[in-house]
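Q: For reference, the sequence and a predicted model appear below.
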Amino acid sequence: MFRAIPLVVILLVGATPTAAQEGPVVPVGTRVRFTPAHSARDRVVGTVTGQRADSLLVWTERRETIPVPLAGLDRLEVSNGVHGHALTGLGLGLLVGAVAGGTIGAAVEPDELLGRGVNVLAGVVLGVAGGGLIGVAVGASIQSERWQPLPEGERTVSSFSPSGDRLAVGLSLRF
C-alpha cells in the first residue's frame with residue numbers, strides 16, 4: 001500500500017495544466033440566455049447545439065448558429081421552462097371582482113327589509129366568483145419563461161494534459 005503512494009505522487013507531478021480551458025458546462029439542447037461582454041447585442045436567447053474548447057455553439061432565435069466565446073460571457077442563464085400565471089390572475093381577479101361587485105351592490109337601491117349591507121355583500125360574493133374565474137383564465141393564458149443564472153463556480157471546466165509519457169489524474173470536489 002505505502003509503495004503505491006510515491007508512484008501516484010510521481011504521476012501527478014508530471015501532469016502540467018494546459019491553457020486552462022474554462023467555460024460554461026451546458027448540455028446540448030439546453031435553452032440559454034446570455035449577455036456577451038463586448039458586443040452590440042443586449043441579450044441573446046438560443047439553444048446549445050455543441051461546445052468547443054473555447055466556445056459554445058448556439059442556435060439563436062434569429063435562426064443562425066453562432067459561436068459564443070466562453071471568455072466573453074458577462075452573464076449566462078439557463079431556462080427553467082415556460083410557466084403560466086394562473087395564481088397571480090386569480091388573486092387580481094378576486095380583488096378586482098370584490099371591489100367592482102361591492103361598488104355595484106352599494107349603488108343598487110337598498111331593500112327596505114334587508115338594507116344596503118346585503119346588496120353590498122351579494123355584490124362582493126358575485127364579483128369575487130366572476131373576477132376569480134376571469135382572472136384564472138387570463139393568468140393561465142399569459143406564459144413567460146423563467147431563467148436561472150449559472151454561477152461562475154458551476155460553469156468552469158479545467159483540463160490537464162500529461163507532459164511526455166506520463167499519466168495525469170485529476171480530481172475536483174465541490175462542497
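A: On my side now, so go ahead.
Q: buried ones in stretch 76-89?
A: Leu76, Glu77, Val78, His85, Ala86, Gly89 (16 or more other C-beta atoms under 10 Å). No exception for glycine: its C-beta is placed from N, CA and C like everyone else's.
Q: got those as CSV, with pLDDT, secondary structure and distance to Val138 columns?
A: Formatted as CSV, the buried residues of stretch 76-89 follow (pLDDT from 0 to 100; DSSP: H, G, I helix; E, B strand; the rest coil; distance: C-beta to C-beta, whole Å):
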residue, pLDDT, secondary structure, distance to Val138
Leu76, 83, strand, 33
Glu77, 87, strand, 27
Val78, 88, strand, 29
His85, 94, coil, 9
Ala86, 94, helix, 9
Gly89, 95, helix, 5
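Q: So which of the residues you listed is the closest to Thr30?
A: Relative to Thr30, the closest of the buried residues of stretch 76-89 is Val78; by C-beta to C-beta it sits at 5.9 Å.
Q: which regions of this protein sit below the pLDDT cut-off?
A: The chain contains residues with pLDDT under 70 at 1-25, 39-41, 151-175.
Q: in whichever strand or helix holds Gly123, what counts as buried?
A: Using DSSP states H and E, Gly123 sits in helix 116-141. The neighbour-count check on helix 116-141 (16+ other C-beta under 10 Å) flags 119-120, 122-124, 126-128, 131-132, 134-136, 138-139 as buried.
Q: Output the contacting helices and strands for that helix.
A: The contact analysis (3 or more C-beta pairs under 8 Å, 6 or more residues apart in numbering; DSSP states H and E) places helix 116-141 against strand 73-84, helix 86-107.
Q: what does the shortest one contact?
A: Translated: strand 73-84. For strand 73-84, the surrounding residues in contact (C-beta atoms under 8 Å, 6 or more residues apart in numbering) are 23-24, 26, 30-37, 139-150, 155.
Q: try 6 Å
A: Contact with strand 73-84 is made by 24, 30-35, 37, 140, 143, 145-150, as judged by C-beta atoms under 6 Å, 6 or more residues apart in numbering.
Q: strands paired with it, and their directions?
A: strand 31-36 (antiparallel), strand 143-149 (antiparallel) (DSSP bridges).
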